[in-house]
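Peer 1: predicted model and sequence follow; I will ask about them next.
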Amino acid sequence: MELKPSDDCRVKITKNGPYLVTGGVPLSKQSIVTDEEGFSYQWREEEKYPLKKQYVLCRCGNSKNKPFCDGSHLRVGFDGTETASRETYLHQAEKIKGPDLDLTDAYELCASARFCDRAGSIWELIKQSDKREAKTTAIEEASNCPSGRLVVWNKKEKVIEPVFEPSIVLVEDPQQNVSGPIWVRGGIQVEAADGTLYEVRKRITLCRCGKSANKPFCDTSHLEL
């Protein structure tokens with residue numbers, strides 16, 4: 001699962017402050033799209049922001065200029081202390097074995113985009129992964145998981161992951177009427193406020209409501225606001 005960071009793209013977490021994004025990372029906004037039964041099943045692009053070499057994204061949730069920082073973290077006395085594990089994804093994840101696919105699941109990283117609920121849930125689909133439709137749907141659901149909590153593997157222990165160019169997406173959740181996390185894609189290095197480098201992954205979700213108990217990562221607290 002170890003990746004090489006993407007060129008000079010980086011997200012630097014500032015102490016009790018915003019995210020500093022450098023390296024000319026494209027920024028856009030996407031919404032979770034639900035099917036007729038109300039299950040999340042795909043993404044829809046809503047907006048592309050002008051490309052900048054660097055920009056600063058709000059982390060406290062109080063900016064009047066969202067998604068960008070306006071200094072509100074100073075006004076509200078934002079506590080951005082990072083509490084998330086520094087261990088690798090695989091060290092945190094549980095492994096669920098199926099006949100044709102395996103699933104790794106790091107529950108603490110859940111951002112509650114709910115793509116895993118369709119067709120009886122990804123956990124049930126993994127158990128039926130020797131059936132073509134179940135296997136296909138399980139791969140779709142895991143690939144749409146923005147946080148990377150859920151990852152599927154074939155029986156040769158080869159990971160099945162979506163391919164993303166380095167980019168950042170602001171997640172919107174119309175069904176829940178909330179703004180979701182910051183979706184960091186394509187192997188961008190995230191640096192902690194103390195200089196520690198988090199594991200480079202193809203997809204992670206960072207908190208932008210300021211309420212997560214698993215900072216810097218989203219823990220679904222935006223759904224409780």
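Peer 2: Great, that's in hand.

Peer 1: where in the chain is pLDDT low?
Peer 2: Residues of the chain that meet the criterion pLDDT under 70 lie in 1-7.

Peer 1: what residues does whichever helix in it runs longest touch?
Peer 2: Selection of the longest helix in the chain by residue count, based on DSSP state H, yields helix 132-144. Helix 132-144 is contacted from outside by 40-43, 98, 100-101, 103, 113, 115-116, 118-119, 122, 125-126, 128-129, 150-152, 160-162, using Cβ atoms under 8 Å, 6 or more residues apart in numbering. The C-beta positions use only the backbone N, C-alpha and C, and glycine is treated the same way.

Peer 1: tell me the buried residues in stretch 95-106?
Peer 2: 96, 98, 100-106 (16 or more other Cβ atoms under 10 Å).

Peer 1: could you identify the most distant pair in those?
Peer 2: 100 and 106 (21.7 Å; Cβ to Cβ).

Peer 1: now the strands for this structure?
Peer 2: Counting by DSSP state E, the chain has these strands, from start to end: 10-13, 19-22, 27-34, 40-48, 54-57, 94-97, 101-105, 150-154, 159-160, 167-173, 178-185, 189-191, 203-206.

Peer 1: follow-up on the earlier one: among the contacts of helix 132-144, the buried ones, what's the ChimeraX command?
Peer 2: Remark: buried members of the contacts of helix 132-144, expressed as a ChimeraX selection using 16+ other Cβ under 10 Å:
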select :40,41,43,98,100,101,103,113,115,116,118,119,122,125,126,128,129,150,151,152,161
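
Peer 1: check contacts around residue 75.
Peer 2: For residue 75, the contacting residues are residue 62, by Cβ under 8 Å, 6+ apart.

Peer 1: could you check how far residue 142 is from residue 173?
Peer 2: Taking Cβ to Cβ, to the nearest Å as the measure, residue 142 falls 19 Å from residue 173.
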